[in-house]
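J.: predicted model, plus sequence, below.
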Amino acid sequence: MLDDKGSIREGCASGLEWAQCRAFGRQYELRAGDEVLGTLSWMKTFGTAALAFCAEGQWIFERPGFFARKVEVRDAGTGTQVALFQPNWRGDGLLKLVDGRTFQWVHTSFWGTQWLFVGAAGEPLLHFRSRSRRFKMTASVGIAPSALPAKELSLLTMLGWYLMVLRSRDISAAAAASAAS
């Protein structure tokens, strides 16, 4: 368990990186050096529900329905919805927390390898830069020093990676379908 591990905010100093545990696997770890600060695991082989776990909280991310594009964010303990992500056709989108606060999710590179959460005032909060290593997805995470309170920072760190993995899966599925036809 990660209960005794450090927080994501504390891990910022040594640099954060998401890494796929096994090639073609559906489990990911957020690391600061050798320390695991969080995990993201798909709950079913063919589904979009994933469990995100870190010292600051546990959430379930899911894109409900077959053609749905939105992503529901629920507290894993209570099942209560805490946020909703509504993407546009390019994958960018708006995350709205139940308290009304919003965050923009935007790509910052042509190939979709870099993404950013932006606060309501337009300030950059978290930056994700993905790359592939030996059939494994990885990404570095950069966090603005004054980004957010710990729980929201952790939620955005976990959700950003979920959105990147989901996008990668969607692109792979579309390429496979196109090749089959």
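T.: Arrived safely, thanks for sending.
J.: what about residue 132, neighbour count?
T.: Residue 132 has 12 neighbours, counted by other CB atoms under 10 Å. Glycine gets a C-beta too; all of them are placed from N, C-alpha and C.
J.: which SSE is it in?
T.: strand 124-133 (DSSP states H and E).
J.: cool, and residue 157?
T.: Using DSSP H and E, residue 157 maps to helix 150-180.
J.: how long is stretch 54-72 end to end?
T.: End-to-end distance of stretch 54-72 (CA to CA, to the nearest Å): 18 Å.
J.: which parts of that stretch are buried?
T.: 54-63, 71-72 (16 or more other CB atoms under 10 Å).
J.: out of the residues you listed, who's nearest residue 132?
T.: Set against residue 132, the nearest of the buried residues of stretch 54-72 by CB to CB is residue 61 (21.8 Å).
J.: quick one: that closest one from residue 18, how far?
T.: 14 Å (CB to CB, to the nearest Å).
J.: okay, residue 139: pLDDT?
T.: At residue 139 the predicted local confidence, pLDDT, stands at 92.
J.: roughly how far does it sit from residue 56?
T.: In terms of CB to CB, residue 139 sits 19 Å off from residue 56.
J.: residue 46 now?
T.: 30 Å.
J.: cool, residue 154 as well?
T.: In terms of CB to CB, residue 154 sits 4 Å off from residue 56.
J.: likewise for residue 32?
T.: 14 Å.
J.: tell me which of the buried residues of stretch 54-72 fall in strands.
T.: Among the buried residues of stretch 54-72, DSSP state E puts 54, 57-62, 71-72 in strands.
J.: would you reformat these as a markdown table and include pLDDT and distance to residue 26?
T.: As requested, these are exported to a markdown table (pLDDT from 0 to 100; distance: CB to CB, whole Å):
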| residue | pLDDT | distance to residue 26 |
| --- | --- | --- |
| 54 | 94 | 18 |
| 57 | 93 | 21 |
| 58 | 96 | 17 |
| 59 | 98 | 17 |
| 60 | 98 | 15 |
| 61 | 98 | 13 |
| 62 | 96 | 14 |
| 71 | 96 | 16 |
| 72 | 97 | 19 |
